[in-house]
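Novice: kindly return the folded structure for what I paste below:
(one chain, ligands or ions: 2)
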Amino acid sequence: MSLLLLASSLIAQTGRTGGGFWFPEPGSSVATEVDFVFNVITQICIFFFVLIVALMVIFCFKYRRKEHVADTGGATHNTILELTWTGIPIILVILIFFLGLQGYVRIITPPENSYEIEAMARQWSWTFTYPNGAQDFDSVLHVPVGVPVKINLRSDDVLHALFIPAFRVKMDAVPGKNTFIWFQAIQEGEYPLYCAEYCGTEHSQMVGKVIAYNAVEFEEVIEELNTWIDKVPDEKLHMAGRLLYNLCSACHTTDGKALIGPSFLETHNKFKDGGTRKLADGSSVKVDEQYLLKSILSPGDQIAASDSDKAYPRSMPPGLGRQLGDRKVLALIEFIKRLPELKDSDGKLISVKRSEIVEEAAEPQ
Ligand code: HEC
Ligand SMILES: [Cu+2]
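Specialist: Numbering: from 1, shown residues only. Ligands and ions are numbered 1, 2, ... in the order given. Below you'll find the predicted structure:
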């Protein structure tokens, strides 16, 4: 056994490249290791596939039925041959097992000093929260290069899975359970990030990206992420809401069509006209700021129904509002209240950049 262990670690140390035909460029420290095990297994498979198929074809011709050949009754057994074809595959699979085990142990053991980021999955986006309280709601994960990063995964609703192909890591996010992945980015750059568990109708839209920065840049990005909403002046808060609306757009349109939830246009009109919203329990409630606030902060308390009395599903993410924090919730309410101001002449939502609405405090020169 120890000999096999030695052999597998020797193999694992040599000839690491990664990427290539089967994989994207390796972006993390374990990527080359994963690729290496994959390549070893593939090459063993190719070798035996060619060997076995070639022998089959050769034997088909060599031992085909011919005239004037006496029937010998066929071979019964050959001990050396049988030991060989049992022994070699056993050694190979044990070797593969140890190769895989070494990589697996590394992948499930985050280093002590890992930088921890909380990930919350919900239909249909990822929210990443950093140690300083900064959050990114747009499924964008910011990481420093050269530092082990541990991502703690949780889900607010159904099963999801965080998958970063370039880093070769993938793990389920399970409601009520804590899971994690860890990796160490080896190169600055942008990498795609996916949800790898079918989680509802917009699952295919649950795509994001990982951005890896050098340590200095990373600190700046996280700082900015933590403070931008405080730097938006009150009169531009609805524009900040436009940015945050991406979090809601999977379920709420702004053009009047109901999706999973009511359209924000309908909500806006009711608000503007002092109208009421029917609820699933048969009562009605005035659509005012109080109602909007409650709808976002504790969606389970009042389930909206359409005007034709069809109740909407109880699928608004319960933790979303609280995680957003007061000022961002306020921004979303302003967004609903001032919806028409955020549309162009074609009725499309205008796009807003964070840099356009954030006011920098004048820096002392
Ligand atoms: C996964 C789908 C989903 C997402 C994402 C979602 N909502 Fe909802 N939302 C619903 C559903 C369904 C309802 C209706 C049932 C209810 O009242 O809870 C609803 C109702 C509401 C209402 C009440 C509207 C009315 O006219 O009565 C508001 C306000 C609201 N959502 C705001 C938001 C905001 C703001 C976001 C983004 C930060 C958001 N929602 C994200 C599904 C969603
Ligand atoms: Cu998902």
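
Novice: strands along this structure, start to end?
Specialist: Secondary structure of the chain by DSSP state E: the strands cover 115-122, 125-129, 135-136, 140-144, 148-155, 160-164, 169-173, 179-184, 189-195, 207-213, 276-278, 284-286.

Novice: next, format these as CSV and append distance to ligand 1, mean neighbour count and mean pLDDT.
Specialist: Glycine gets a C-beta too; all of them are placed from N, C-alpha and C. Below are the strands of the chain laid out as CSV (distance: least, C-beta to the nearest ligand atom, whole Å; neighbours: other C-beta atoms under 10 Å; pLDDT from 0 to 100):
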stretch, distance to ligand 1, mean neighbour count, mean pLDDT
strand 115-122, 7, 21, 91
strand 125-129, 8, 23, 88
strand 135-136, 12, 20, 80
strand 140-144, 16, 21, 93
strand 148-155, 12, 21, 94
strand 160-164, 12, 25, 95
strand 169-173, 15, 20, 94
strand 179-184, 21, 21, 94
strand 189-195, 14, 19, 94
strand 207-213, 15, 20, 93
strand 276-278, 4, 18, 92
strand 284-286, 8, 13, 92
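
Novice: quick check: buried residues in the top helix by length along the chain?
Specialist: As assigned by DSSP state H, the longest helix anywhere in the chain is helix 31-62. Using 16 or more other C-beta atoms under 10 Å as the test for burial, helix 31-62 gives 31-40.

Novice: if you average pLDDT over it, what comes out?
Specialist: For helix 31-62, mean pLDDT rounds to 92.

Novice: in the sheet, who's paired with the residue nearest to the spatial centre of the chain?
Specialist: Nearest residue to the geometric centre of the chain (C-alpha atoms, centre = their mean): residue 162, 3.4 Å. On the basis of DSSP bridges, residue 162 is bridged to residue 171, residue 195.

Novice: so what's it up against?
Specialist: Residue 162 sits next to 119, 121, 126, 151, 153, 169-171, 173, 181, 193, 195-196 when contact means C-beta atoms under 8 Å, 6 or more residues apart in numbering.

Novice: Throw the buried residues of helix 31-62 into JSON lines and include distance to residue 137, thanks.
Specialist: Putting the buried residues of helix 31-62 into JSON lines (distance: C-beta to C-beta, whole Å) gives the following:
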{"residue": "31", "distance to residue 137": "27"}
{"residue": "32", "distance to residue 137": "33"}
{"residue": "33", "distance to residue 137": "33"}
{"residue": "34", "distance to residue 137": "30"}
{"residue": "35", "distance to residue 137": "32"}
{"residue": "36", "distance to residue 137": "36"}
{"residue": "37", "distance to residue 137": "36"}
{"residue": "38", "distance to residue 137": "34"}
{"residue": "39", "distance to residue 137": "38"}
{"residue": "40", "distance to residue 137": "41"}
